[in-house]
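Trainee: Attaching a predicted model along with its sequence, questions to come.
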Amino acid sequence: MKILNFALFTVCLLGFVQINAQCSSSKKTHYVSNNHHTQTVVDIAVGSDIHKTLVTALQAADLVDALKGDGPFTVFAPTDNAFAKIPSNTLNDLLKPSQKTALQNVLTYHVVPARVDARLLLSAIKAGGGSYSIKTLSGGTLIAKIQNNEPVLIDENGNVSIIRTTDLEANNGIIHIIDTVVLPK
């Protein structure tokens, strides 16, 4: 059974090229360029039609220039549908200038100050006996696991986010697309 689960996970994690499933939507991801090696992680998000809220949040938090830096970064990028799961008044409050520090903490919780591609993530989960602790740029921790044959992140509050697309390469890191915003304690 473990071999079957491992095989299914490998197909799931390494086989995603575009989003196959997105909460409440069958809309595919469209990017400005297929050659992400010349773009930063921010450029890729800006060129995506499913990361408008993320880009708005990065701008409100003054993190655009930081994430255009050398890196390497691994960004677990929530989709617009992921942000839509947050109550609109909570999200609107978080985007206010007075909440800039809180917003920075949430956004940097989605960033790892290293390059962690799908293959490395899979190896680390396997080596960790089924889970892998990931230290984020905010100082918090995410846990990567396999649940229901899908790669997931579990935040410090126990919330689960499915990794829907992996290994969007940028010149300063890599992006994995997730379906739920992860939140630090």
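Mentor: Happy to help now that I have it.
Trainee: could you say what helices and strands the helix or strand hosting R164 packs with?
Mentor: According to DSSP states H and E, R164 maps onto strand 160-170. Applying 3 or more CB pairs under 8 Å, 6 or more residues apart in numbering; DSSP states H and E, we find strand 160-170 packed against helix 2-15, helix 41-47, strand 73-78, helix 118-127, strand 150-154, strand 173-178. Every residue, glycine included, has its C-beta placed from N, CA and C.
Trainee: Show me what secondary structure element comes after the fourth one.
Mentor: Pointing back at helix 118-127 there. Downstream of helix 118-127, the next assigned helix or strand under DSSP H and E is strand 131-135.
Trainee: Identify the residues contacting the helix or strand just after that following strand?
Mentor: Heading C-terminal from strand 131-135, the first helix or strand you meet, by DSSP H and E, is strand 141-147. Contact with strand 141-147 is made by 5, 9, 76, 109, 121, 124-125, 130-136, 151-156, 160, 163, 182, as judged by CB atoms under 8 Å, 6 or more residues apart in numbering.
Trainee: ok, the residue most central in space within the chain to S98 distance?
Mentor: By CA atoms, centre = their mean, the chain has its centre lying nearest to F76, at 1.4 Å. Shown here: F76 relative to S98, a distance of 26 Å by CB to CB, to the nearest Å.
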